[in-house]
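Engineer: sequence plus predicted model, see below.
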Amino acid sequence: MNTISYILQLWRFYWRTEKYQYLRLFLICFAIFLVKVAILDFILMRISSVAYGYSQYALIHQIYWIGTLILISYLFDAIHHKQRAISYLSLPASNAEKFLSRFIMGVVGVPILVNVALLAGNVVVTLFLGTMDTLAGNQPEWMKIFFYYCLYGNLANAVMCDTSFLSYFIYNLFWSYMMALAFYSFFIWFGIAFRRAGWIYATIIIFVLMAILVFVLDFMGLLHQRAPLIARMMWSYGVPLLSIPFTYLAYRSFCRAQIVTHKFVTL
Amino acid sequence: MIEVQNISFSYSSKSAPVFDEFCLQMEQNKVYGLLGENGTGKSTLLYLLMGLLRPDKGGILVDGIDVSRRKRETLQQMYIVPEEFDLPRMRFTDYVETYRPFYPAFSDDILRRCMEEFHLPLDARIDQFSMGNKKKALMSFALATNVRYLLMDEPTNGLDVPSKKQFRKVIATTMTEERTLIMATHQLHDVEALLDHVIILQRSQLLLNASVADLCEKYTFDIRSNEALTDEVLYTERTPQGNATLSLRQPDDEETPLNLELLFNAVHQISL
């Protein structure tokens, strides 16, 4: 069998052994959305419309990115439990095949799972409440629901260009996904490497990275005022390129994974 | 062939090394017994042989390939039955369907024979099996994979007396010329009839590495009275039946079966 058929074989294996976990995760995402609607739409809106608008925007993004972080890092959960790690790491497939099969699940499967869960939640809310929960404003009415829950719109603002609607749609979606890929690959690395060092290390690292990100965003804001083209190019190409070192680190960490959980991975 | 080449391994930088400059060779078509007191590194060695742990120094070659690279071709020839394991929630037939595509030489016939010998139904839910039955089902699957190197950690733990007998029969009938079986165990009596080679570990060192044929040729294992304790006796233990002795075999002595427990105790007291 070649590598592609082996990856398909691994996906069949994951489905047979983990399908109930995926279903549970889907239902959790769906439930979180319903809770979010219940809290924000019926409580916060009555307090302040400004606070409602901001909180809705911020919260749905937090839900999305924290959700993807947890789900993607969960993909490699097996290697952090000795008994499951013995079974998984000794399964006859190469490190590259195992990693690639999980990587594709992480960068394609999980975003689809989360988006579909949130979309399903929105459909349910729409059916029962008769209101469409959306923040998107530039798209046709029927497309708002898809745009809103792609949740890449804010990332892609920097690459907006003055073209026809269809090319804008494809362009926007492509670049926003490329930017999101950097986050997904970071989450995969996080899921493989840092859980074995414990959540304390992971939390410290996340805070440091957030601080760096805030600094970079401030810098980009300043740069955008003085040299908007350069800022746009750096943002558009720089962020997607980050996915390369993160993916490499994730793969190296996976290759060196062992069944003991207290031995820090050395790259 | 498995070659362990000067490996050093510790679980953390602060803990004492489990292995330090450790070397070992294991040949094809033999049943190895990996023995040792608690904490001597028997399970660790199995995990290292399987590539599930990485040595800090040195390397382990299986058929000439570094096992820590976990290549598909290497893993297709190896299977480990750990002492404790998790089985997914499914029927055993589904379990087989899920895992068998990864093992090209899988044999339905061996699986059926092993499950029949263990009196286990093929279509039962494995998560509802008792611990002993789970182990028997997993060992049946392991034997059916037809891998070249089969590693078992405490294979008879959790098995009742009839099951231990079934286990010995199953192993004896499924061993082929291609296969090497390595069993790490404390249950010496359960496996002594199966072994071709004995490896005894102590504090990351090899205390004994000898074939059963050589041991039985060099030594005699028998029960003697106090009067018969002559100079050739190397080690003795008092038992209700008399003195269990390990002695140098004389040219006219008959070959005696291996007494693994006596040998194990002897090598911890004297140098053989």
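Structural biologist: Structure received. All values derive from a computational prediction rather than experimental measurement.

Engineer: could you dump stretch B:144-153 to CSV, C-alpha only?
Structural biologist: The C-alpha trace of stretch B:144-153 is given here as CSV (Å, rounded to 0.1, in the frame of the first residue of the first chain):
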residue,chain,number,x,y,z
ALA,B,144,-2.6,-14.1,14.5
THR,B,145,-0.7,-11.1,13.3
ASN,B,146,2.1,-13.5,12.3
VAL,B,147,4.7,-10.9,13.1
ARG,B,148,8.3,-11.9,13.3
TYR,B,149,8.9,-10.4,16.8
LEU,B,150,6.3,-10.8,19.5
LEU,B,151,6.8,-9.1,22.8
MET,B,152,4.7,-10.0,25.9
ASP,B,153,4.9,-8.2,29.2
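
Engineer: contacts for it, please.
Structural biologist: Stretch B:144-153 is contacted by residues B:2, B:28, B:42-43, B:46, B:49-50, B:62-63, B:76-83, B:96, B:100, B:103, B:105-108, B:110-111, B:114, B:139, B:142-143, B:176, B:178-185 when judged by C-beta atoms under 8 Å, 6 or more residues apart in numbering or on different chains. From N, CA and C alone the C-beta is placed, and that goes for glycine too.

Engineer: mind doing that once more with 7 Å?
Structural biologist: Stretch B:144-153 has contacts (C-beta atoms under 7 Å, 6 or more residues apart in numbering or on different chains) with B:2, B:43, B:46, B:49-50, B:62, B:77-83, B:103, B:105-107, B:110-111, B:114, B:142, B:178-184.

Engineer: how about stretch B:56-73?
Structural biologist: For stretch B:56-73, the external contacting residues (C-beta under 7 Å, 6+ apart) are A:89, A:92-95, A:97, B:1-10, B:48-49, B:51, B:54, B:74, B:78, B:149.

Engineer: what about burial for the residues you listed, which qualify?
Structural biologist: Those of those that meet the buried threshold are A:89, A:92-95, A:97, B:2, B:4-5, B:7, B:9-10, B:48-49, B:51, B:54, B:74, B:78, B:149, by 16 or more other C-beta atoms under 10 Å in any protein chain shown.

Engineer: thinking again about what came up before, among the contacts of stretch B:56-73, which ones are in helices?
Structural biologist: A:89, A:95, A:97, B:48-49, B:74 (DSSP state H).

Engineer: closest to A:T247 among the residues you listed?
Structural biologist: A:N95 (13.7 Å; C-beta to C-beta).

Engineer: residues contacting the closest one?
Structural biologist: Per C-beta under 7 Å, 6+ apart, neighbours of A:N95: A:254-255, B:70.

Engineer: could you redo the last one with a cut-off of 10 Å?
Structural biologist: By C-beta atoms under 10 Å, 6 or more residues apart in numbering or on different chains, A:N95 lies in contact with A:89, A:251-252, A:254-257, B:51, B:69-72.

Engineer: mind listing the strands for the stretch 51-200 of chain B?
Structural biologist: Taking DSSP state E, counting those that start in this stretch to define them, one finds strands in the stretch 51-200 of chain B at B:57-62, B:65-66, B:78-81, B:149-153, B:180-184, B:197-202.

Engineer: isn't B:D190 right up against B:K165?
Structural biologist: Yes: here B:D190 lies in contact with B:K165, judged by C-beta atoms under 10 Å, at a distance of 9.3 Å.

Engineer: could you look up the SS state of B:L35?
Structural biologist: strand (DSSP: H, G, I helix; E, B strand; the rest coil).

Engineer: do you know how far the nearest residue to it once chain neighbours are set aside is from A:R102?
Structural biologist: Computed as C-beta to C-beta, 6 or more residues apart in numbering or on different chains, the closest residue to B:L35 that is not its neighbour in sequence is B:I200, at 4.8 Å. Separation of B:I200 from A:R102 (C-beta to C-beta, to the nearest Å): 41 Å.

Engineer: tell me the spacing between A:C29 and chain B.
Structural biologist: Distance from A:C29 to chain B, counting by C-beta to the nearest C-beta, to the nearest Å: 23 Å.

Engineer: which residues does that residue contact?
Structural biologist: By C-beta under 10 Å, 6+ apart, the residues touching A:C29 are A:63-64, A:67-68, A:70-71, A:110, A:113-118, A:120-121.

Engineer: recalculate using a threshold of 7 Å.
Structural biologist: A:C29 touches A:67, A:114, A:117-118, counting by C-beta under 7 Å, 6+ apart.

Engineer: which helix or strand contains it?
Structural biologist: helix A:3-39 (DSSP states H and E).

Engineer: before we move on, back to that, so for B:D190 and B:K165, which sits in the more crowded spot?
Structural biologist: Neighbours were counted for B:D190 and for B:K165 using other C-beta atoms under 10 Å in any protein chain shown; B:D190 has more, 21 against 13.

Engineer: the more buried one contacts B:Q166, doesn't it?
Structural biologist: No: counting by C-beta atoms under 7 Å, B:D190 does not reach B:Q166; the two are 11.5 Å apart.

Engineer: for chain A, which segments are assigned as strands?
Structural biologist: Read by DSSP state E, chain A holds no strands at all.

Engineer: which residues in it form helices?
Structural biologist: For chain A, the helices defined by DSSP H cover A:3-39, A:45-47, A:49-74, A:82-89, A:95-104, A:110-129, A:141-150, A:153-156, A:165-193, A:199-226, A:228-233, A:239-241, A:243-255.

Engineer: present those as JSON lines; the columns should include mean pLDDT.
Structural biologist: Output for the helices of chain A, formatted as JSON lines (pLDDT from 0 to 100):
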{"stretch": "helix A:3-39", "mean pLDDT": "83"}
{"stretch": "helix A:45-47", "mean pLDDT": "62"}
{"stretch": "helix A:49-74", "mean pLDDT": "67"}
{"stretch": "helix A:82-89", "mean pLDDT": "90"}
{"stretch": "helix A:95-104", "mean pLDDT": "94"}
{"stretch": "helix A:110-129", "mean pLDDT": "75"}
{"stretch": "helix A:141-150", "mean pLDDT": "42"}
{"stretch": "helix A:153-156", "mean pLDDT": "42"}
{"stretch": "helix A:165-193", "mean pLDDT": "76"}
{"stretch": "helix A:199-226", "mean pLDDT": "72"}
{"stretch": "helix A:228-233", "mean pLDDT": "76"}
{"stretch": "helix A:239-241", "mean pLDDT": "83"}
{"stretch": "helix A:243-255", "mean pLDDT": "91"}
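
Engineer: having no further points to raise, I will conclude here.
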